[in-house]
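Student: Pasting the sequence and the predicted model now:
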Amino acid sequence: MPDHRIIYGTAWKKAETAALASRYGRTPAQIFFRYLTQTDVVPLTGTRSEAHMREDLAIFEFELADAERAGLDALFCDQRA
């Protein structure tokens, strides 16, 4: 399991994340939050917008495959602050 204490930097903005977002019909941020959730990390978000809140909660409507998570492990956990 990756060390989630590492700062993720801008890895969630990379092409690999955008490709998954396109495949799932989601935003890159949703892919990032879903990845965190599936690796037992609770993403903390905050909003006053109902639409944004619904978008945040929509991460529970899909699941990343094991191979996709492994690819994101390498992408996200290789970032250094």
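Tutor: Nice, I can see it. This one's a predicted model, so the numbers in the text were calculated from it and none came from an experiment.
Student: Mind telling me what element the residue sitting furthest away from the middle of the chain is part of?
Tutor: Here the centre of the chain is the reference, and by Cα atoms, centre = their mean the most remote residue is Arg48, at 20.9 Å. Assigned by DSSP states H and E, Arg48 belongs to no helix or strand.
Student: How about the contacts made by it?
Tutor: With contact set as Cβ atoms under 8 Å, 6 or more residues apart in numbering, Arg48 has no partners. Placement of C-beta: from N, CA and C, glycine included.
Student: now the one residue sitting closest to the centre of the chain: how far from Thr39?
Tutor: By Cα atoms, centre = their mean, the mean C-alpha position of the chain lies nearest to Phe32, the distance being 0.9 Å. Per Cβ to Cβ, to the nearest Å, Phe32 is found 11 Å from Thr39.
Student: Could you check how far Arg34 is from Asp56?
Tutor: From Arg34 to Asp56 the distance is 11 Å (Cβ to Cβ).
Student: let me redo that: Ser49
Tutor: Taking Cβ to Cβ, one finds Ser49 at 10 Å from Asp56.
Student: Looking at those two, which one has more neighbours?
Tutor: For Ser49 versus Asp56, the count of surrounding residues by other Cβ atoms under 10 Å is larger for Asp56: 17 against 9.
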